[in-house]
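1. sequence-free structure coming up:
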């Protein structure tokens, strides 16, 4: 079961190459043949020229047996039409749409379409990196509902255990990197100098995370 990528701009091109190198079955669609020509000769997937939300074009790309469709053209409107068609007409199990306007994410989520907002994610990440260079938002679940935060353990928390820096339902440590090796820590794991942790943080509790970890960040979501 293959993956269809609609839109071969920078994101679509990079995604197609990454999946192809993982030996995934990939088909790319773009209305501009020159965009498809940008794919290197070693790209193992299929190329289809056409409009990504056209039923016949999707059919040619194998949408009826696809496991996923990723709509990542440069236009939000096109991406949502592609995603809606794949989800509700062809019943593709996994459908993802790239968005520039993050405010539309909730609308699309109600339609059962997953979204990726590079703009919203980028703004939050850069803002936090400018505030403190040892903490970074590395991912999100939903439109900012839950964040994955990577942070270096500050001096004041060395010797504390994982349970003491967690708040049930708000902040939890899900991974720890020590001496170049990663693991899933137990609640009793003691934090040490040089440790890096990845925490899952409820979007409404980013301020709580900042206070616990003493990172001096204004992580409140108010005013965003």
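-> Thanks, I have the structure now. Only a predicted model underlies this, so the values are computations on that prediction, with no experimental measurement involved.
2. can we go C-alpha only for contacts and neighbour counts from here?
-> Will do.
3. For stretch 87-94, buried residues please.
-> Using 16 or more other CA atoms under 10 Å as the test for burial, stretch 87-94 gives 87, 90-92, 94.
4. Repeat that for stretch 166-186.
-> 166, 170-177, 185.
5. which residues sit against it?
-> 162, 165, 194-202, 205, 209 (CA atoms under 8 Å, 6 or more residues apart in numbering).
6. Kindly report the same for stretch 4-17.
-> So stretch 4-17 is contacted by 26-30, 35-36, 39, 43, 52, 61, 63, 66, 68-74, 82 (CA under 8 Å, 6+ apart).
7. Out of all residues in this structure, which is the farthest from the middle?
-> The centre of the chain is farthest from one residue, residue 159, which by CA atoms, centre = their mean lies 32.6 Å away.
8. Now do the contacts for that one.
-> Residue 159 neighbours (CA under 8 Å, 6+ apart): 190-192.
9. hmm, which of these are the buried ones?
-> Here, 16+ other CA under 10 Å leaves 190-192 buried among the contacts of residue 159.
10. Mind putting those residues into JSON lines with pLDDT and secondary structure?
-> What follows is these, written out as JSON lines (pLDDT from 0 to 100; DSSP: H, G, I helix; E, B strand; the rest coil):
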{"residue": "190", "pLDDT": "94", "secondary structure": "strand"}
{"residue": "191", "pLDDT": "93", "secondary structure": "coil"}
{"residue": "192", "pLDDT": "92", "secondary structure": "coil"}
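11. now, which of the residues you listed sits nearest residue 99?
-> Within the buried ones among the contacts of residue 159, distances to residue 99 taken as CA to CA reach their minimum at residue 191, with 38.0 Å.
12. Check the spacing between the closest one and residue 213 real quick.
-> 12 Å (CA to CA, to the nearest Å).
13. likewise residue 114?
-> 31 Å.
14. ok, now residue 137?
-> 14 Å.
15. Please work out how many residues are found near the closest residue to residue 99 other than its chain neighbours.
-> Once flanking residues are discounted, residue 99 sits nearest to residue 117: 4.8 Å by CA to CA, 6 or more residues apart in numbering. Counted with other CA atoms under 10 Å, residues neighbouring residue 117 total 19.
16. and if you look at residue 158?
-> Once other CA under 10 Å is used to define contacts, residue 158 is seen to have 14 neighbours.
17. Run through the strands of this structure in chain order.
-> 3-6, 26-30, 46-49, 68-71, 94-99, 114-117, 135-141, 146-152, 171-178, 181-183, 196-202 (DSSP state E).
18. Switch those strands over to TSV; also include distance to residue 13 and mean pLDDT.
-> Shown next, in TSV, are the strands of the chain (distance: least, CA to CA, whole Å; pLDDT from 0 to 100):
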stretch	distance to residue 13	mean pLDDT
strand 3-6	9	96
strand 26-30	9	96
strand 46-49	12	95
strand 68-71	12	94
strand 94-99	14	89
strand 114-117	16	80
strand 135-141	21	73
strand 146-152	26	86
strand 171-178	31	92
strand 181-183	30	89
strand 196-202	29	90
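19. Just put these in JSON lines and tack on distance to residue 12.
-> Listed next are the strands of the chain as JSON lines, based on distance: least, CA to CA, whole Å:
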{"stretch": "strand 3-6", "distance to residue 12": "7"}
{"stretch": "strand 26-30", "distance to residue 12": "8"}
{"stretch": "strand 46-49", "distance to residue 12": "12"}
{"stretch": "strand 68-71", "distance to residue 12": "8"}
{"stretch": "strand 94-99", "distance to residue 12": "10"}
{"stretch": "strand 114-117", "distance to residue 12": "13"}
{"stretch": "strand 135-141", "distance to residue 12": "19"}
{"stretch": "strand 146-152", "distance to residue 12": "24"}
{"stretch": "strand 171-178", "distance to residue 12": "30"}
{"stretch": "strand 181-183", "distance to residue 12": "30"}
{"stretch": "strand 196-202", "distance to residue 12": "28"}
